[in-house]
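Q: Attaching a predicted model along with its sequence, questions to come.
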Amino acid sequence: MMATVAQNKTVEVNGRVYRAPRQPTAVICFDGCDPRYISHGLSAGLFPNISKVISQGFYTIADAAMPTFTNPNNMSIVAGAPPIVHGISGNYYLDKKTGKEVMITDASLVSSGTVLAGLADAGVRVAAITAKDKLRKMLGSGLKGICFSSEKANEATLAENGIENVEALVGRKTPGMYSPDLSLFVLDAGIKLLEQKKADLFYLSLSDMVQHSAGPGEELADQFNRDVDQRVGRLMELGAVVGIVADHGMTDKCTPDGEPQVVFLEKMLNEQFGPGSVRVICPITDPFVKHHGALGSFVRVYATGKTSPETLMDAAARIPGVALVLDGKSASERYEMPIEREGDFIAIGDTYTAIGSRPDEHDLSGLNGHKLRSHGGLSEQPVPFMVSKPLNKEYQAIVAARRLRNFDIFDFALNGPA
């Protein structure tokens with residue numbers, strides 16, 4: 001068993017106390033892993049190792065942070081707190097001061113510490129590896145350790161990433177953006193670092209390309225889940241406590257005949273109230289839009305004309321497929337999101353509906369015959385949550401007292417094992 005430098009230390013991060021790992025600990029963000037992938041995988045025999053995690057350790061369904069997108073939830077996981085604490089509530093936002101639309105690709109808006117940085121400062125050797133480079137700087141905010149993405153593994157340097165020659169470490173070339181190997185490379189890099197005893201605490205964040213493309217039972221998803229499971233088994237063979245959680249679920253956003261079911265909210269409201277009445281911002285927008293066309297089930301809406309936000313909200317709420325409309329203040333309070341990046345109001349789609357702005361802003365040609373599968377709404381809040389060790393009595397009591405959040409995972413993986 002590998003001892004850590006800071007074996008007996010604890011750190012406080014965002015109001016929680018975390019114990020330095022007593023043995024190697026790897027938290028995997030299984031991006032887009034709806035609980036239905038787990039239930040299907042267990043019944044179909046895809047998960048011999050994950051089934052051991054569940055039978056020998058702990059498994060439940062937890063709630064992701066809102067909106068159920070990649071950036072807010074990865075940051076919530078590493079901060080152990082909701083977006084109102086760490087400041088990231090989307091992949092993309094409208095800067096109210098400048099009126100400019102901004103894609104979040106760095107840590108400039110991160111407003112809290114992280115479990116990774118806190119434990120690294122205490123002497124724990126930390127490695128944060130992410131599939132998508134857009135996340136790297138956020139996850140590595142304040143982190144003195146290894147932090148790189150598989151997307152740009154060939155560009156990693158000691159000065160920037162705490163590691164070099166990553167391709168040689170893993171034994172293959174940097175994967176393509178839309179390859180399942182973008183995620184598998186993350187896991188293999190973590191395994192190599194563990195084998196070489198280069199880190200004690202790992203955060204391994206995958207991509208949801210496969211889940212956007214294939215549902216439970218489809219061969220692409222089944223093979224990917226087999227591959228992930230094999231790597232989970234290897235981490236456990238190496239003596240790691242393994243925590244697995246998802247940043248969000250995934251749902252078909254389609255009509256019964258399989259066609260994309262989309263409310264183009266900006267177009268509809270501007271047609272009703274006049275050109276320039278509203279601007280709709282889709283926080284799912286990021287550099288990886290091919291597989292979802294920048295369409296999710298949560299948008300922020302800004303009144304940019306003479307029509308009042310209240311009138312626009314009432315009209316939006318009457319549109320079929322729109323499940324919930326809330327003013328920005330209420331949305332911030334209910335879903336624990338930073339008010340400074342809220343719109344005049346938000347709109348959330350129902351289970352099978354995505355919400356966009358205008359058709360010309362969403363290119364669905366990249367679906368290549370796949371159904372539109374996406375996330376962002378309340379339907380994608382439930383996520384799998386598991387730890388490969390049984391829980392002590394204190395953490396059993398927590399489970400009995402409340403529904404868990406996905407950002408409880410580091411607490412449970414580090415402090416929860418019996």
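A: Sure thing, it's come through. Numbering: from 1, shown residues only.
Q: right, and Leu206 touches Asn74 too?
A: No. Leu206 lies out of contact with Asn74 (Cβ atoms under 8 Å); the separation is 10.3 Å. Heads up, the C-betas are built off the backbone N, CA and C, glycines and all.
Q: which neighbours do the two share?
A: Cys29 (Cβ atoms under 8 Å, 6 or more residues apart in numbering).
Q: These two: which is more packed in?
A: Leu206 (29 against 26; other Cβ atoms under 10 Å).
Q: OK, contacts around Tyr92?
A: Glu101, Val102, Met103, Ile104, Ile281, Cys282, Pro283, Ile284, Thr285, Asp286.
Q: Would you map the strands across the stretch 101-250 of the chain?
A: Assignment of strands within the stretch 101-250 of the chain using DSSP state E, counting those that start in this stretch yields the ranges 101-103, 126-130, 146-149, 201-205, 241-245.
Q: can you check the stretch 301-418 of the chain too?
A: With DSSP E, counting those that start in this stretch as the criterion, the stretch 301-418 of the chain has strands at 322-327, 345-349, 354-356, 373-374, 382-387.
Q: Now render those strands as JSON lines, adding distance to Ala44.
A: Converted to JSON lines, the strands of the stretch 301-418 of the chain look like this (distance: least, Cβ to Cβ, whole Å):
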{"stretch": "strand 322-327", "distance to Ala44": "31"}
{"stretch": "strand 345-349", "distance to Ala44": "30"}
{"stretch": "strand 354-356", "distance to Ala44": "28"}
{"stretch": "strand 373-374", "distance to Ala44": "19"}
{"stretch": "strand 382-387", "distance to Ala44": "16"}
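Q: if we can go back for a sec, tell me the one among the contacts of Tyr92 nearest to Val170.
A: Closest to Val170 out of the contacts of Tyr92 is Asp286 (24.4 Å), distances taken as Cβ to Cβ.
Q: which intervals of the protein have sub-threshold pLDDT?
A: For the chain, the stretches flagged by pLDDT under 70 are 1-7, 286-292, 366-368.
Q: Would you agree Met268 falls within a strand?
A: No. Secondary structure of Met268 (DSSP: H, G, I helix; E, B strand; the rest coil): helix, not part of a strand.
Q: Tell me if I'm right that it and Ile319 touch.
A: Yes. Counting by Cβ under 8 Å, Met268 does reach Ile319; the two are 6.5 Å apart.
Q: Nearest to Thr157, out of the strands of the stretch 301-418 of the chain?
A: That would be strand 382-387 among those, by Cβ to Cβ, at 33.8 Å.
Q: now for the strands of the stretch 301-418 of the chain, which one comes closest to Ala168?
A: Closest among the strands of the stretch 301-418 of the chain, once you apply Cβ to Cβ, is strand 382-387, at 32.4 Å.
Q: Direction included, what does that closest one pair up with?
A: strand 58-63 (antiparallel), strand 241-245 (antiparallel) (DSSP bridges).
Q: Now do the one helix or strand Glu271 maps to: which elements does it pack against?
A: Using DSSP states H and E, Glu271 sits within helix 265-273. Helix 265-273 sits against strand 278-281, strand 298-303, helix 309-317, strand 354-356, with contacts defined as 3 or more Cβ pairs under 8 Å, 6 or more residues apart in numbering; DSSP states H and E.
Q: what about the residue nearest to Ser112 when sequence neighbours are not counted, how many neighbours?
A: Setting aside the residues directly before and after it, Ser112 is nearest to His86 in space (Cβ to Cβ, 6 or more residues apart in numbering), at 4.4 Å. By the criterion of other Cβ under 10 Å, His86 has 26 neighbours.
Q: now His86: how far from Ser207?
A: Distance, His86 to Ser207, using Cβ to Cβ, to the nearest Å: 21 Å.
Q: Tell me what the spatially closest residue to Val17 that is not a sequence neighbour is bridged to.
A: Nearest residue to Val17, sequence neighbours excluded (Cβ to Cβ, 6+ apart): Thr10, at 5.2 Å. Beta bridges link Thr10 to Arg19, judged by DSSP bridges.
Q: Let me see the contact set for Thr10.
A: Contacts of Thr10 (Cβ under 8 Å, 6+ apart): Val17, Tyr18, Arg19, Ala20, Ala122.
Q: Grab the longest helix from this protein for me.
A: helix 219-237 (DSSP state H).
Q: Would you mind getting the angle between that helix and strand 382-387?
A: Angle, helix 219-237 to strand 382-387, by axes from the mean of the first three to the mean of the last three Cα atoms, to 10 degrees: 20 degrees.
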